[in-house]
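> Return a 3D structure for these sequence lines:
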Amino acid sequence: MGTTQLESVPEPKYWHLKTVLTEALDSEFSVGEILPNERDLAARFGVARATLRQALEQLELEGRLQRRRGVGTTVAPPRVGVAVGTEQHAWPGAASDAWQPVDCEQAAPPASVAAALETGADEPVHTVRRSRMSHGQPVATELLYVPAASVPDLTAIDTPSGAARARAVLRELQHLSLESQDRAVELGSARADDAKELDRLPGSPVLVVTTRFFAAGRTAALSVATYRADTCRLTFGDSPDVEIHHDPERRAS
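Modelled structure (predicted):
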């Protein structure tokens, strides 16, 4: 594709440029290929670098591009299909759960979490960190907050933290009778620690899924899962679960 000038375009230049770039991605680039630098791209399409950045940011949000530390901007693979939530009426850590426990510590949760769990502001809770992989790449990270009252029979084990402690907390949760659960989904920006785990830049768009698990008339556990917005698409069907599916319209040559 030759140089494309974007003069006299009625729609915002960055939006039209996004369409032009999409056509170029489909016809000229392969998955994983690194794009030319911003200066070269801006010169090729005859736009200011600020306009180019707007178009690239939109393509990243739509999952067409990925920005990788020390590499640059690359063509993203098709979005992966993964089940977000556990099966209805199943605790985290059930047999069908694909999340992997990474660590566990006891610490006071954020104020909003403490309010949802109805714990004291400075009362420590078990904080289980888990990760989710798909097709060999990290797609999500989770913080599962479990108050001590939900796992009263949890005994002191040799390792006070780590994956072994996380598995012990998850095992104890299975002893509770789960009454119901609810979810909320919102678009957010990756915090530094989540960005590192997800191989993203801080501030990259993410999907945040918050799930509350109810037992004995109270919130017995709360999960905050952060998904890469560039690789995941959430859809809502007749079932109560939230699922991530492949995007059938996404292709890269």
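
> SS state for the residue nearest the centre of the chain?
Geometric centre of the chain, nearest residue: residue 227, 0.8 Å, by Cα atoms, centre = their mean. At residue 227 the chain is in strand, as set by DSSP: H, G, I helix; E, B strand; the rest coil.

> so it makes contact with residue 210?
No: with contact defined as Cβ atoms under 8 Å, residue 227 does not count as touching residue 210 (11.8 Å). (C-beta placed from N, C-alpha, C; glycine too.)

> all helices of the stretch 1-150 of the chain, in order?
Here the stretch 1-150 of the chain has its helices, by DSSP state H, counting those that start in this stretch, at 13-28, 38-45, 49-61, 111-117.

> okay if I get the ones you listed as CSV plus distance to residue 75 and mean pLDDT?
Output for the helices of the stretch 1-150 of the chain, formatted as CSV (distance: least, Cβ to Cβ, whole Å; pLDDT from 0 to 100):
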stretch, distance to residue 75, mean pLDDT
helix 13-28, 6, 89
helix 38-45, 13, 93
helix 49-61, 10, 90
helix 111-117, 37, 93
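
> Save those helices as CSV, and put in distance to residue 189 too.
Formatted as CSV, the helices of the stretch 1-150 of the chain follow (distance: least, Cβ to Cβ, whole Å):
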stretch, distance to residue 189
helix 13-28, 20
helix 38-45, 21
helix 49-61, 11
helix 111-117, 17
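
> now for the ones you listed, which one comes closest to residue 201?
Nearest to residue 201, of all the helices of the stretch 1-150 of the chain, is helix 49-61, at 9.7 Å by Cβ to Cβ.

> Pull the residues that contact that closest one.
Residues outside helix 49-61 that contact it (Cβ atoms under 8 Å, 6 or more residues apart in numbering): 13-15, 17-18, 21-22, 25, 38-39, 41-42, 45, 65-67, 73, 204-205, 229-230.

> relative to helix 38-45, how tilted is it?
100 degrees (axes from the mean of the first three to the mean of the last three Cα atoms, to 10 degrees).

> wait, isn't residue 68 in contact with residue 195?
No: contact criterion Cβ under 8 Å: residue 68 and residue 195 do not qualify, at 11.4 Å.

> More neighbours: which of those two?
Shown here are residue 68 and residue 195; by other Cβ atoms under 10 Å, residue 195 has more neighbours (20 against 13).

> ok, that one - contacts?
By Cβ under 8 Å, 6+ apart, the contact set of residue 195 is 201-204.

> same thing but at 7 Å, please
Contact analysis of residue 195 by Cβ atoms under 7 Å, 6 or more residues apart in numbering lists 201-202, 204.

> coming back round to it: for the helices of the stretch 1-150 of the chain, which one sits closest to residue 140?
Of those, the one closest to residue 140 (Cβ to Cβ) turns out to be helix 49-61, at 17.3 Å.

> Which residue, other than its chain neighbours, is closest to residue 41?
residue 52 (5.6 Å; Cβ to Cβ, 6 or more residues apart in numbering).

> gap between that neighbour and residue 169?
47 Å (Cβ to Cβ, to the nearest Å).

> how about the helices of the stretch 151-253 of the chain, start to end?
Counting by DSSP H, counting those that start in this stretch, the helices of the stretch 151-253 of the chain are 163-173, 192-197.

> Deepest in the core, which of those helices is it.
helix 163-173 (a mean of 19; mean count of other Cβ atoms under 10 Å).

> so how far is that helix from its chain's centroid?
Chain-centre distance of helix 163-173: 23 Å, with Cα atoms, centre = their mean, to the nearest Å.

> just stretch 37-49 next, same as before
On Cα atoms, centre = their mean, the centre of stretch 37-49 falls 31 Å from that of its chain.

> Can you list the low-confidence ranges for this protein?
1-10, 79-88, 156-159, 233-253 (pLDDT under 70).

> Show me the strands in it, by range?
Secondary structure of the chain, counting by DSSP state E: strands at 65-68, 72-75, 82-83, 100-107, 125-134, 137-146, 180-189, 205-215, 218-228, 234-236, 242-244.
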